[in-house]
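> Output the structure for:
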Amino acid sequence: MTEARQPEPAWPDSCAGDGHGGRLLRLDEARERIIADVVPVTEREVVSLRDALGRVLASAVHSTVDVPSHRSSAMDGYALAGQDLSSSGATAFELVGKSLAGRPFAGRVGRGQCVRIMTGAPVPEATDTVIMQEQVRVDGDRVVIEAGQRVGQHVRPVGEDIHRGDLAIGAGTLLHPAQLGLLAAVGVGQVPVVRRVRVATFSTGDELRPVGESLALGQIYDSNRYSLYGMLARLGLEVIDLGVVPDTREDTIRAFEAAATRADAIVSSGGVSVGEADYVTETLERHGRIGFWKVAIKPGKPIAFGRFGPAYFFGLPGNPVAVMVTFYQLVQPALRALMGAVHPDPPILVRATCETWLRKAPGRMEFQRGVLERQPSGTCTVRSSGHQGSGVLHSMSKANCFIVLPLEGGDVEPGTEVEVQPFAGLV
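Residues are numbered from 1 along each chain as shown. Below you'll find the predicted structure:
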């Protein structure tokens with residue numbers, strides 16, 4: 001099957017530029033530009049329900065059944081006709097049987113009679129009320145119920161969850177465990193999903209070495225390769241690892257070309273500054289298109305977004321923490337949009353009292369690593385997880401949130417309320 005090529009983006013001239021100047025974009029502006037340019041993948045495939053977790057539903061699913069398909073009990077107790085209850089005192093009923101989930105009562109319930117019933121079991125005909133077992137007295141086949149009960153209580157109606165023909169899940173929904181459960185509840189065993197987005201990654205830098213090799217002076221291990229793989233794999237994408245690209249113009253161009261022929265998007269780390277051996281932005285400018293190059297965030301100011309052939313391109317900084325910050329704030333929402341998710345999960349922000357002094361200069365939004373805790377009083381506090389250098393992964397590994405400091409804000413004193421982006425749901 002021939003796949004449709006992505007259309008060229010309609011970027012304004014002021015957005016393209018030469019890739020080496022212009023104003024810093026605000027984070028929200030950069031994110032909006034990316035999302036506006038991304039055209040979702042349309043190819044689809046059918047997968048089993050167990051394989052659908054983390055995938056995007058390609059077409060809407062309507063229920064072919066009522067859920068539940070019968071009246072059922074919401075409690076363990078006794079089913080009876082509400083009209084038989086006395087409004088002024090206790091009422092005695094004759095116990096005539098039992099209804100279990102999967103083994104309903106098959107007899108007839110007459111006036112003044114009741115049936116023992118378990119949660120989820122079908123409510124017998126001629127009964128419409130369930131009395132919790134804690135509210136009755138049982139003496140052999142005699143069940144005594146005190147006054148004060150409500151007719152119709154603890155009975156789940158047919159279709160309480162969803163009716164036959166109703167929309168169960170809309171197209172473009174990212175399938176989480178709850179959606180898998182709902183699809184199973186309406187009897188769906190296979191679902192149409194958007195095919196996996198293919199993302200090619202590579203690192204740049206002559207100083208990078210694979211894990212396991214000995215390091216010479218000036219060399220470091222390529223940690224970004226593993227961070228990027230983990231972040232991409234968590235999104236359920238098909239990851240194409242192109243390894244480390246040497247710092248030459250020719251090798252950089254070859255890496256771009258190899259990636260663009262195999263992937264919907266390219267994510268690189270390093271080589272987007274203006275150093276003598278930084279060829280990523282140059283290659284994108286000369287052989288592709290640059291959407292923007294700088295964003296007013298810290299860490300992560302130099303991040304390139306554009307197109308190379310049919311593939312979207314995200315050039316992330318080389319520093320490890322800057323890679324993770326820019327990925328979560330800009331690349332992850334874009335990839336979810338590329339996956340066809342109608343409503344990509346927005347980052348959740350909460351308020352917390354900062355317990356440590358934080359250094360910040362106005363001019364860029366900062367994402368500092370922090371430890372968020374809920375106190376016995378119910379309030380939330382946050383503290384720095386350590387050194388905030390953009391190359392310091394140790395403080396990132398100890399953190400459970402980003403402390404989000406506003407663009408024009410300055411230093412933060414202890415006791416100040418700040419916004420926090422928890423990693424739960426983000427990473």
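
> Can you get me the start-to-end distance on stretch 86-96?
Criterion C-alpha to C-alpha, to the nearest Å; first-to-last residue distance in stretch 86-96 is 20 Å.

> Let me see the mean pLDDT of it.
The average pLDDT within stretch 86-96 is 93.

> contact partners of that stretch?
Defining contact as C-beta atoms under 8 Å, 6 or more residues apart in numbering, one finds that stretch 86-96 is touched by 78, 80, 84-85, 107, 109-110, 112-116, 138, 141-147. Where C-beta positions appear, they are placed from N, C-alpha and C, glycine not excepted.

> Restricted to strands, list those.
If you go by DSSP state E, these have 78, 80, 113-116, 138, 142-145 in strands.

> who's residue 99 bridged to?
residue 117 (DSSP bridges).

> check contacts around it.
By C-beta under 8 Å, 6+ apart, the contact list for residue 99 reads 73, 79, 105, 115-118, 121-124.

> okay, it: pLDDT?
At residue 99, the pLDDT value in this model is 97.

> for residue 282, same thing?
In this model, residue 282 carries a pLDDT of 87.

> helix, strand or coil for it?
helix (DSSP: H, G, I helix; E, B strand; the rest coil).

> And residue 305, by the same measure?
Look at residue 305: counting by three-state DSSP, its state is strand.

> That one reaches residue 30, doesn't it?
Yes: the criterion here is C-beta atoms under 8 Å, and residue 305 meets it with residue 30 at 7.3 Å.

> related to what we said a few turns ago, would you mind checking the contacts of stretch 86-96 for buried ones?
Among the contacts of stretch 86-96, those buried by neighbour count (16 or more other C-beta atoms under 10 Å) are 78, 80, 84-85, 109, 113-116, 143, 145.

> pLDDT-wise, which helix or strand of the chain ranks last?
Using mean pLDDT, DSSP states H and E, helix 13-16 stands out as the lowest-scoring helix or strand of the chain, at a mean of 38.

> just to revisit the earlier point, joint contacts of residue 305 and residue 30?
Listed as contacting both residue 305 and residue 30 by C-beta under 8 Å, 6+ apart are 292, 330.

> So for the two, which sits in the more crowded spot?
A direct count of neighbours by other C-beta atoms under 10 Å for residue 305 and residue 30 places residue 305 higher, at 27 against 22.

> which element is the closest residue to the more buried one other than its chain neighbours on?
In this structure, residue 305 finds its nearest non-sequential neighbour in residue 291, 4.4 Å apart by C-beta to C-beta, 6 or more residues apart in numbering. Taking DSSP states H and E as the definition, one finds residue 291 inside strand 289-294.

> List the strands paired with that strand, with their directions.
Sheet pairing of strand 289-294 (DSSP bridges) gives strand 302-308 (antiparallel).

> For the strand it pairs with, give the mean pLDDT please.
Averaged across strand 302-308, pLDDT comes to 93.

> Tell me the helix or strand right after it.
Moving toward the C-terminus from strand 302-308, the next helix or strand (DSSP H and E) is strand 311-316.

> Please state the mean pLDDT value computed over that next one.
Mean per-residue pLDDT for strand 311-316: 96.

> can you pull the contacts of residue 67?
Residue 67 makes contact with 159-162, 185-186 under the criterion C-beta under 8 Å, 6+ apart.

> got JSON lines for these, with neighbour count and pLDDT too?
Conversion of these to JSON lines gives the following (neighbours: other C-beta atoms under 10 Å; pLDDT from 0 to 100):
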{"residue": "159", "neighbour count": "16", "pLDDT": "95"}
{"residue": "160", "neighbour count": "14", "pLDDT": "94"}
{"residue": "161", "neighbour count": "15", "pLDDT": "93"}
{"residue": "162", "neighbour count": "18", "pLDDT": "95"}
{"residue": "185", "neighbour count": "15", "pLDDT": "95"}
{"residue": "186", "neighbour count": "19", "pLDDT": "95"}
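
> which one of these sits closest to residue 224?
Each of the contacts of residue 67 was checked against residue 224 using C-beta to C-beta; the closest is residue 185, at 42.1 Å.

> how about the closest one, phi and psi?
The phi/psi pair for residue 185 (degrees, to the nearest 10) reads phi -60, psi -30.

> which non-adjacent residue is nearest it?
residue 67 is the one closest to residue 185 (C-beta to C-beta, 6+ apart), at 5.1 Å.

> Out of the contacts of residue 67, which comes closest to residue 130?
residue 160 (14.0 Å).

> Need the pLDDT of the closest residue to the closest one other than its chain neighbours.
Computed as C-beta to C-beta, 6+ apart, the closest residue to residue 160 that is not its neighbour in sequence is residue 68, at 6.5 Å. Per-residue pLDDT puts residue 68 at 91.

> contacting residues for residue 68?
Taking C-beta under 8 Å, 6+ apart as the criterion, residue 68 is in contact with 156, 158-161.

> can those residues go into a markdown table with extra columns for secondary structure and distance to residue 407?
Below are the contacts of residue 68 laid out as a markdown table (DSSP: H, G, I helix; E, B strand; the rest coil; distance: C-beta to C-beta, whole Å):
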| residue | secondary structure | distance to residue 407 |
| --- | --- | --- |
| 156 | strand | 51 |
| 158 | coil | 54 |
| 159 | coil | 50 |
| 160 | coil | 48 |
| 161 | coil | 45 |
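
> how close does residue 182 sit to residue 222?
According to C-beta to C-beta, to the nearest Å, residue 182 stands 42 Å off from residue 222.

> So which of these two has more stuff around it?
Ranked by neighbour count (other C-beta under 10 Å), residue 182 and residue 222 place residue 222 first, with 21 against 18.

> Please, which helix or strand holds residue 193?
Assigned by DSSP H and E, residue 193 belongs to strand 190-194.

> Which SSE is immediately downstream of that strand?
Sequence order places strand 198-204 as the next helix or strand after strand 190-194, per DSSP H and E.

> Break down the stretch 151-300 of the chain into its strands, ranges please.
For the stretch 151-300 of the chain, applying DSSP state E, counting those that start in this stretch gives strands covering 155-156, 167-169, 190-194, 198-204, 208-209, 220-221, 238-245, 265-269, 289-294, 297-298.
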